[in-house]
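[1] quick one, fold the following:
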Amino acid sequence: MRRFQFRLERLLALRAYKEREWQAKLAEKTGHCIRLARRIRDVDAETDRSFRQRFTVDEAFDFGLLQSWELYLNRLARERLKLEAELEERKREREDVQHKFLEVSREKKVLEKLKERKQAEYYTEQKLEEFNLLNETNSGQIIRKRIRET
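    Numbers count the residues shown, from 1 in each chain. Coordinates of the predicted model:
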């Protein structure tokens, strides 16, 4: 029995390559989002730490220290807002890349399903041909045997 040859194998390989490319792009965008989310958590933790530290200090009331602490907290708040805006932008980019990845993946899966179906059809036909060939051979042997016996 001959091996199955899919005529669109090169196209399938090309689509698999495109799928891997888009998967890498999606992983890159996801990594950016994770790093930004981690940075936002770090800013929140620093804000909490600074806030707790401010109220645990038993020093004389110092307006200069209070003013610099307020400026520091304001800077952290602005940084958090900037990071959140950047994260939202990156999430939108990630969604666009994810949609493209799903589209490319779907195209590849369609071709894979076609290959599987064609392969199943091919092997079914091959088995049927082999059965018919064996049947003809066996029938021929029976007829030749009957002819010799008469």
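
[2] same question for the helix or strand hosting Thr137, mean pLDDT?
    Here Thr137 sits within helix 63-149, counting by DSSP states H and E. Averaging pLDDT along helix 63-149 gives 90.

[3] so what secondary structure elements neighbour it?
    The helices and strands touching helix 63-149, judged by 3 or more CB pairs under 8 Å, 6 or more residues apart in numbering; DSSP states H and E, are helix 9-56. For the C-beta atoms, the positions are set from N, CA and C on the backbone; glycine is no exception.

[4] now the helix holding Thr137, how far from the centre of its chain.
    Centroid separation between helix 63-149 and its chain, computed with CA atoms, centre = their mean, to the nearest Å, is 8 Å.

[5] relative to helix 9-56, how tilted is it?
    Angle between the axes of helix 63-149 and helix 9-56 is 150 degrees (criterion: axes from the mean of the first three to the mean of the last three CA atoms, to 10 degrees).

[6] from Glu46, how far off is the closest residue to Thr47 other than its chain neighbours?
    Of all residues not flanking Thr47 in the chain, Leu76 sits nearest, at 5.0 Å (CB to CB, 6 or more residues apart in numbering). Distance of Leu76 to Glu46, computed by CB to CB, to the nearest Å: 6 Å.
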